[in-house]
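Colleague: Need coordinates for the following:
(chains A, B, C and D)
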There are 4 protein chains.
Amino acid sequence: MLIVMDQKATPEEIDVVLAVIEERGYTARPIPGGERVSIGILNNKGPVDASQFLGLPGVKDAIPVTRPYKLVSREFRLENTVIQVGDVSVGNDGLLIVAGPCAVESESQALTIAKHVRGAGAHLFRGGAYKPRTSPYSFQGLGKEGLEILARVRESTGMPVVTEVMDFETFDLVEEYADVIQIGTRNMQNFSLLRRAGQARKPILLKRGMAATIDEWLMAAEYILEGGNSNVILCERGVRTFVHHSRNTLDLSAVSVVLKESHLPIIVDPSHAAGRRDQVIPLSRAAVAVGAQGLMVEVHHAPEKALSDGAQSLYPHQFERLCRQVRTIFNNLKADETSS
Amino acid sequence: MLIVMDQKATPEEIDVVLAVIEERGYTARPIPGGERVSIGILNNKGPVDASQFLGLPGVKDAIPVTRPYKLVSREFRLENTVIQVGDVSVGNDGLLIVAGPCAVESESQALTIAKHVRGAGAHLFRGGAYKPRTSPYSFQGLGKEGLEILARVRESTGMPVVTEVMDFETFDLVEEYADVIQIGTRNMQNFSLLRRAGQARKPILLKRGMAATIDEWLMAAEYILEGGNSNVILCERGVRTFVHHSRNTLDLSAVSVVLKESHLPIIVDPSHAAGRRDQVIPLSRAAVAVGAQGLMVEVHHAPEKALSDGAQSLYPHQFERLCRQVRTIFNNLKADETSS
Amino acid sequence: MLIVMDQKATPEEIDVVLAVIEERGYTARPIPGGERVSIGILNNKGPVDASQFLGLPGVKDAIPVTRPYKLVSREFRLENTVIQVGDVSVGNDGLLIVAGPCAVESESQALTIAKHVRGAGAHLFRGGAYKPRTSPYSFQGLGKEGLEILARVRESTGMPVVTEVMDFETFDLVEEYADVIQIGTRNMQNFSLLRRAGQARKPILLKRGMAATIDEWLMAAEYILEGGNSNVILCERGVRTFVHHSRNTLDLSAVSVVLKESHLPIIVDPSHAAGRRDQVIPLSRAAVAVGAQGLMVEVHHAPEKALSDGAQSLYPHQFERLCRQVRTIFNNLKADETSS
Amino acid sequence: MLIVMDQKATPEEIDVVLAVIEERGYTARPIPGGERVSIGILNNKGPVDASQFLGLPGVKDAIPVTRPYKLVSREFRLENTVIQVGDVSVGNDGLLIVAGPCAVESESQALTIAKHVRGAGAHLFRGGAYKPRTSPYSFQGLGKEGLEILARVRESTGMPVVTEVMDFETFDLVEEYADVIQIGTRNMQNFSLLRRAGQARKPILLKRGMAATIDEWLMAAEYILEGGNSNVILCERGVRTFVHHSRNTLDLSAVSVVLKESHLPIIVDPSHAAGRRDQVIPLSRAAVAVGAQGLMVEVHHAPEKALSDGAQSLYPHQFERLCRQVRTIFNNLKADETSS
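Modeller: All right, here's what the predicted structure looks like:
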């Protein structure tokens, strides 16, 4: 943290700032400049709260200098975290493909789609049993029955399953059935859920909040790692902006930044970013091209009959095309990086 | 919902759309135009999911025409909902003032501040026992001890207390101690929490999500009303935008829109919008001038020692000035509206 | 500017940064910390370009510490700039009210509205002769004829007139007719126009760009002051956010920040922020309550027939109510500040 | 346009709306529903201004149904517009690569970089002679001297040149020297400049405004086409959002939408979106993968000495890698689409 004083800050005001810094147990380092004094804060463990200084007389600004996260940081751990799910490993040299319907609607629906996506090359099957819905009047998911269907899909197809947990109450149940537990965008800062996820024995797929900065997102992951679970897969899914031609704006530079800042694997969900089927394949290609380590895509064999998010679900033949195209991009990119 | 077809949509494509509409149990009304056909959807109960149509061949757009909410709507209930908290009523002719520290830190801190704010005219005391914090390393609140302190503050001062609930697990406890239960911005779409709030016997103060539209916010309230609790106070607290000179951007037109669209009371939290003390009084005046029915303000007797959000907490003498200024605005506005 | 080095930055990388700083003619001050080195840049005239450092090996961040503006800054000039327009002065103790139609449509329209708004207490008349329109097929304004009408309105009513200039080509003409020359939101960073405005003999009303930070806005004003014209009135008119219940989101904390950072007067345009008539009066009250030194409001005697922006234009009787309400707020606020 | 009436709108209010529609020369088509009446507007040439209706009594909403643009629309012209620049054609089957420094600084700098980028496979050379700068104290470009240098670069290397025009005054000069005339993000709605560009004999590269919707962007292009110049290349360069880990947020779904909505070619500028060198290559790959028809990239042989935007400029060897990687993606994508 760097405290920037007003040009006209008095020596007394500067002394108060120095005293507050020392009182908190940090070290203060004054930096006299031509026009004004700045004061560096050193020897802090964990983030310094700017608000402790912003309101003091004579303080113009309090600027964070270092990142607030620790365990998730690549400065803390240099090598990629590689997460094993069944036969698949995430975060190493392969491209993870997760696919399935938005919601589990019935066993036959789930199985039909699972076979399609497995055939096209998906590694993990996704499907919601508990659905966060903006309206209380919308379909809320099959609940426990949905989880049981997922288990039967896994049995039939051999695919590990990813499903969302919405609350502490159903966490045990979801943990029992899922291979990867998803925490959705609306729960990215549900800190009780994050603490519970820190104790889970299954990997967590943590979606970015729809208005979260990367710092906030990595701090949410920090809750999970700090709780003892270091198997966290990050998932970029678009952020809310003034733009309305897609449901959200996919922030692909976030992938580059996360790869640099953190050792955790990062995948992309183009379906929720787009909200419209015709943008999903192009955005999937872009996500893999930017360097994402995986994709999570919604697929439905009859999207016009889907109980939720049909508009963004791909038809099976579209998903095949997607897989083919992204694999080519991924393999060429790996080859290029190996050769250069 | 209005379905807009492509200029070149074929009669077969139009027929498919008509069939899908009827299959969902709605009524389809085609509207032939000069250049293209549109199709109105009638007789829907609850919101129609645009995604059911957006992906169909020949469909250019699916445009929501009516609002998705019902119980919270002023079209459903014309008169203001008035909520009684102790001696205070919210949503009628008075101006509600809620004040207190960000977090309860100790009994003496809480009592000191409570006496200050009561003296200046606050009706309700606020203070967090459970604190949602971006970092797992930051002060997380005193928990149950904080709730007990709040109870003693109520006893000593006679002020009802408002405090935040963060999860289902601690809901019973918070409900036992609080007079008004706050659901914070990060939990606005924590649907398990909203459902539990629907069964609470205490009024709920529902903050707007930091990237929520008014529709989403009112739908979150709809969850609570639909669950059986119609005592919901809405609280605008700023939204996330590209602007960084304040922590969030206070969206005051939201107050006008909510007053028009809903019968629920709406108050404003200028402290979290500003994030800096020097903007709090001006924004408070603006909030009351725009028509808000109350304010929730952070006050601390020694903000530079506060364990959280000190930078935005007012000193007691500043809070007195705030109360004096907003009351003048409020009273003059009421007088003007009565006379005209 | 503070350069933050990577934890693992080598001494050689640090030396390169020091050399680049010195080469630019600045002074480098290394600040060794517990975990990493930071380097302060001192003795820079004008803003330092972060991009000169961000790409260097070993550099993690380049953080601006001081503001980039100079002439517009309150650190440069402590007292408010007061601008005289006819009998009215802006930026001192009074509240400026500018009102009129979006566009000048005819002499009788302009005169009718001017008499209404003068009667209600407006000081300046506004009306567009050259209109920036999103569509080339929309009404583009009457051009020179519009300016002549404005001159006749001034003659008849005694009100000085404000009108927008859109380009260098018509600047001379607009300067000849207008008492205050408006630069619109889309031209806030039209640097040729700003340079020309710096040579104008008339005050400039500079609207904030719809996605401009305060720094960028003040830098746009800096162009005008640097060119020799220190009579600049700033006008907040809402910014573009994800919010769509108003045309733009009025950013009232910007008023507080500008009042603190700059000596230039600042007024608010609630009409363009709202885009809908029913939000204009509430937002006007809020703007005055927050501390704005004036308002610019669209008024039309027959808004449903207006050639542009009818939906946000107030009826004359609404404008009277607005004037009455904001004056009460303004006067009480002044009285409170004088007495305390 | 669809006018949605209040549930309680009276027959008289509906009649007024019908009358206003007819008065404007449109056709009104009332659509009675279960709960409320809506009214379709037909037979409008050009966009209908929602504001003409939004303020009428009993009107709840006015919803645009069709797009406002015409000449730029793919509904107007089905085939891609292909633009010839020297030997290069844009918008057909090839991938256009434009590269060069942010600003022309000297003949030797420009020539050095031009030779590098030509060697790596760039088709067009870019370099600014007139630079829009946030600060009046920053380097503003070499002006006419810069244009002359560009001409000599073209002569030496055979590469056509792209350079920005900032105003009407210098348009003739830029038009004389440039092969493609760039209109920058800050001038996207500088309508005088757009009208002048409509008369230019050279293709226009029109960058998206940093807070522009696609509709606004295409309407800006519509100004140019309507003026007589149909050679417009669109360039996505990132939009302003709450995100700050990149200078802007690259909106790649915009590429998909533009390809669908318009026949004009679209390219992407990853350098200005990123603002940091290490994001440029990944975003370039993503842009090509999403379907962009070209890239415009900043390259500098000594970015740490660049007079502007050094942090985002690639070193020549990085640009070679970029070209190699994006060409592989592009060619494989073309092959895939041809074969399927």
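Colleague: what sits against residue A:132?
Modeller: Contact partners of residue A:132, counting by Cβ atoms under 8 Å, 6 or more residues apart in numbering or on different chains, are A:164, A:166, A:184, A:186-187, B:189, B:191. All C-beta spots, glycine's among them, are computed from the backbone N, C-alpha and C.
Colleague: Tell me the residues of the stretch 1-150 of chain A that contact chain B?
Modeller: Contact residues (Cβ under 8 Å from any Cβ of the partner chain) of the stretch 1-150 of chain A with chain B: A:16, A:20, A:45-47, A:49-56, A:68, A:132-138.
Colleague: Give the buried subset of those as a ChimeraX selection command.
Modeller: Selection command for ChimeraX covering only the buried members of the residues of the stretch 1-150 of chain A next to chain B, criterion 16 or more other Cβ atoms under 10 Å in any protein chain shown:
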select /A:16,20,47,49,50,51,52,53,54,55,56,68,132,133,134,135,136,137,138
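Colleague: and the contacts of residue A:132, which of them are in helices?
Modeller: Mapping these onto helices (DSSP state H) picks out residue B:191.
Colleague: just the buried members of the contacts of residue A:132?
Modeller: For the contacts of residue A:132, buried by 16+ other Cβ under 10 Å: A:164, A:166, A:184, A:186-187, B:189, B:191.
Colleague: For the longest helix along chain A, buried residues please.
Modeller: Looking across chain A with DSSP H, the single longest helix is helix A:316-339. For helix A:316-339, a neighbour-count test (16+ other Cβ under 10 Å) marks A:316, A:318-323, A:325-326, A:328-330, A:332-333 as buried.
Colleague: got any ranges where the stretch 201-340 of chain A has weak pLDDT?
Modeller: Low-confidence segments of the stretch 201-340 of chain A (pLDDT under 70): A:340.
Colleague: quick one, domains of chain A?
Modeller: As assigned by automatic domain parsing, chain A contains the domains A:2-63, A:83-339.
Colleague: Now do the strands in chain A.
Modeller: Using DSSP state E, the strands of chain A run over residues A:2-5, A:27-32, A:37-42, A:59-63, A:83-85, A:88-90, A:96-100, A:124-126, A:161-164, A:180-183, A:204-207, A:232-236, A:266-268, A:294-298.
Colleague: residue contacts, residue A:328?
Modeller: Residues counted as contacts of residue A:328 (Cβ under 8 Å, 6+ apart) are D:332, D:336.
Colleague: actually residue A:1, sorry about that
Modeller: Per Cβ under 8 Å, 6+ apart, neighbours of residue A:1: A:40-41, A:44, A:48, A:50, A:53, A:62-65.
Colleague: Which of those sits closest to chain D?
Modeller: residue A:64 (11.8 Å; Cβ to the nearest Cβ).
Colleague: where's that closest one relative to residue C:216, distance?
Modeller: Going from residue A:64 to residue C:216 by Cβ to Cβ, to the nearest Å gives 22 Å.
Colleague: and if you look at residue A:253?
Modeller: To residue C:216, residue A:253 is 21 Å away according to Cβ to Cβ.
Colleague: which one of the two has more residues nearby?
Modeller: residue A:253 (29 against 18; other Cβ atoms under 10 Å in any protein chain shown).
Colleague: State whether that one and residue D:251 are indeed in contact, as I suppose.
Modeller: No - checked against Cβ atoms under 8 Å, the pair residue A:253 and residue D:251 is beyond contact range at 11.2 Å.
Colleague: hang on, the earlier thing: and of the contacts of residue A:132, the nearest to chain D?
Modeller: Distance to chain D, by Cβ to the nearest Cβ, is smallest for residue A:186 among these, at 17.0 Å.
Colleague: so who does that closest one touch?
Modeller: Residue A:186 makes contact with A:132, A:209-210, B:189-190, according to Cβ under 8 Å, 6+ apart.
Colleague: Widest-spaced pair of those residues?
Modeller: The span of the contacts of residue A:186, defined through Cβ to Cβ, is set by A:210 and B:190 at 14.0 Å.
Colleague: higher neighbour count, these two?
Modeller: residue B:190 (29 against 26).
Colleague: Show the contacting residues for the closest residue to the more buried one other than its chain neighbours.
Modeller: Of all residues not flanking residue B:190 in the chain, residue A:190 sits nearest, at 5.7 Å (Cβ to Cβ, 6 or more residues apart in numbering or on different chains). Counting by Cβ under 8 Å, 6+ apart, residue A:190 makes contact with A:183, B:167, B:186-187, B:190.
Colleague: Among those residues, which one sits closest to chain C?
Modeller: Distances from chain C to those, taken by Cβ to the nearest Cβ, are shortest for residue B:186, at 17.0 Å.
Colleague: Give me the pLDDT for the closest one.
Modeller: In this model, residue B:186 is scored at 96, pLDDT.
Colleague: Distance of it relative to residue A:57?
Modeller: Using Cβ to Cβ, residue B:186 is found at 32 Å from residue A:57.
Colleague: go on, residue A:110?
Modeller: In terms of Cβ to Cβ, residue A:110 sits 63 Å off from residue A:57.
Colleague: When the two are compared, which one has more neighbours?
Modeller: Neighbour count, other Cβ under 10 Å: between residue A:110 and residue A:57, residue A:110 has more, with 25 against 13.
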